[in-house]
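Enquirer: Take a look and give me a structure for this.
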Amino acid sequence: MNNSERPLTRLERKQQTLADMVRMICRKQYHALFVSGFGGGGKTRTMTTICEEEGQDLVVFNSHVTPLALYGIIHEYRNSESILLFDDADALYQNKPALGLLRSCLYGQPERVVTWSSSQLPEGLPPRLTTVARFMFSANQVPKKCPIFDAMTSRCLTYRMDVTNSEVLEHFRVMSANGWPGCNVDQCEQVIDFIEEQAGDRQLSMRLLAPAVRIYKYANEQGTDWRPILLAQLHNLGTPTTSTKRISNRERDERVVREAIRRHPDSTTEQCDYYKDKSGKSQASFYRVLKRLRETV
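Expert: Just a heads-up that it's a prediction; the model follows:
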């Protein structure tokens with residue numbers, strides 16, 4: 001089954017929602033988008049890919065931006081047809097003067113008025129400007145109890161792209177359904193099973209699979225153990241427990257049932273046996289989880 005024929009994974013459905021919002025910005029249906037969610041979920045890739053598909057120029061800022069530098073950027077691109085993307089600029093969203101500028105430049109249609117009153121204003125930058133620019137913002141974490149941040153995002157399309165480990169692992173398995181170069185389907189399955197077993201309470205990243213396959217391939221060629229190398233990479237690319245929620249029993253059960261369905265698509269009995277073996281729970285529990293999953297499809 002090729003990618004155009006198979007059902008979308010849960011992660012792909014979330015990326016599709018984000019893609020639709022990006023298209024609205026590209027087509028000038030809205031002038032700003034703010035998307036948040038843990039790193040490695042595909043936010044940036046989705047935004048840049050859709051802009052490319054739409055033939056839309058994109059200017060990306062992904063380093064530290066001071067309020068004065070931000071004002072300079074707003075001035076430089078005030079009449080630009082390009083979209084300005086502030087990518088994973090979490091520190092920017094903690095800075096109240098910067099948020100004040102963003103709040104101003106996102107208010108109104110089509111022109112928005114922005115002012116800057118300061119003796120630090122360099123020559124060539126006016127104290128007042130109007131802009132028709134479009135903006136996209138992404139963040140891993142957003143400020144809590146910050147009225148000026150809330151005021152800024154209230155002027156944007158907003159999307160919180162939360163992705164669970166279950167969704168990441170499901171996507172890994174779909175991406176590996178035909179194997180990878182130098183790594184067959186069973187070997188990919190072995191790698192993904194190891195990632196699942198070792199993830200614990202760490203939030204998995206979509207960036208993990210490709211290096212994991214390379215590690216497995218290299219270690220096999222060298223006759224060494226790939227697991228310690230992959231475990232170190234897993235710790236590097238997984239978000240610590242302090243930044244994520246513990247996986248619930250409900251989610252864990254649903255993950256096992258989905259895997260049972262994937263392994264035994266034609267036999268409910270074998271699905272149930274797999275679930276009971278993996279979870280240690282009863283047949284009745286399997287059918288409760290299965291019913292719940294079918295109701296959400």
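Enquirer: now the helices for the chain?
Expert: Shown for the chain, the helices assigned by DSSP state H span residues 10-26, 43-53, 67-76, 96-105, 147-153, 165-175, 185-199, 209-222, 227-237, 249-263, 268-279, 283-296.
Enquirer: Any chance of JSON lines for those helices, columns mean pLDDT, distance to residue 122 and mean neighbour count?
Expert: All C-beta spots, glycine's among them, are computed from the backbone N, C-alpha and C. As requested, these are exported to JSON lines (pLDDT from 0 to 100; distance: least, Cβ to Cβ, whole Å; neighbours: other Cβ atoms under 10 Å):
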{"stretch": "helix 10-26", "mean pLDDT": "96", "distance to residue 122": "30", "mean neighbour count": "18"}
{"stretch": "helix 43-53", "mean pLDDT": "96", "distance to residue 122": "30", "mean neighbour count": "18"}
{"stretch": "helix 67-76", "mean pLDDT": "94", "distance to residue 122": "8", "mean neighbour count": "18"}
{"stretch": "helix 96-105", "mean pLDDT": "94", "distance to residue 122": "15", "mean neighbour count": "20"}
{"stretch": "helix 147-153", "mean pLDDT": "95", "distance to residue 122": "24", "mean neighbour count": "18"}
{"stretch": "helix 165-175", "mean pLDDT": "91", "distance to residue 122": "45", "mean neighbour count": "21"}
{"stretch": "helix 185-199", "mean pLDDT": "91", "distance to residue 122": "49", "mean neighbour count": "16"}
{"stretch": "helix 209-222", "mean pLDDT": "94", "distance to residue 122": "43", "mean neighbour count": "17"}
{"stretch": "helix 227-237", "mean pLDDT": "84", "distance to residue 122": "40", "mean neighbour count": "16"}
{"stretch": "helix 249-263", "mean pLDDT": "85", "distance to residue 122": "52", "mean neighbour count": "18"}
{"stretch": "helix 268-279", "mean pLDDT": "87", "distance to residue 122": "63", "mean neighbour count": "16"}
{"stretch": "helix 283-296", "mean pLDDT": "85", "distance to residue 122": "55", "mean neighbour count": "13"}
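Enquirer: Turn the ones you listed into TSV, including distance to residue 139.
Expert: Shown next, in TSV, are the helices of the chain (distance: least, Cβ to Cβ, whole Å):
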stretch	distance to residue 139
helix 10-26	13
helix 43-53	9
helix 67-76	15
helix 96-105	12
helix 147-153	10
helix 165-175	19
helix 185-199	23
helix 209-222	24
helix 227-237	19
helix 249-263	24
helix 268-279	36
helix 283-296	28
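Enquirer: Can you get me a residue count around residue 28?
Expert: Using other Cβ atoms under 10 Å, residue 28 has 11 neighbouring residues.
Enquirer: Was I right to think it contacts residue 132?
Expert: No: contact between residue 28 and residue 132 fails when scored by Cβ atoms under 8 Å: they sit 9.5 Å apart.
Enquirer: Looking at the helices of the chain, which is nearest to residue 121?
Expert: helix 67-76 (7.8 Å; Cβ to Cβ).
Enquirer: Pull stretch 150-157 out as CSV, backbone CA atoms only.
Expert: C-alpha atoms of stretch 150-157 as CSV (Å, rounded to 0.1, in the frame of the first residue of the first chain):
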residue,chain,number,x,y,z
ASP,A,150,-2.7,36.1,25.5
ALA,A,151,-3.6,39.5,23.9
MET,A,152,-1.0,38.8,21.2
THR,A,153,-2.1,35.3,20.4
SER,A,154,-5.8,36.4,20.4
ARG,A,155,-5.0,38.2,17.1
CYS,A,156,-3.6,35.0,15.5
LEU,A,157,-4.9,31.7,14.3
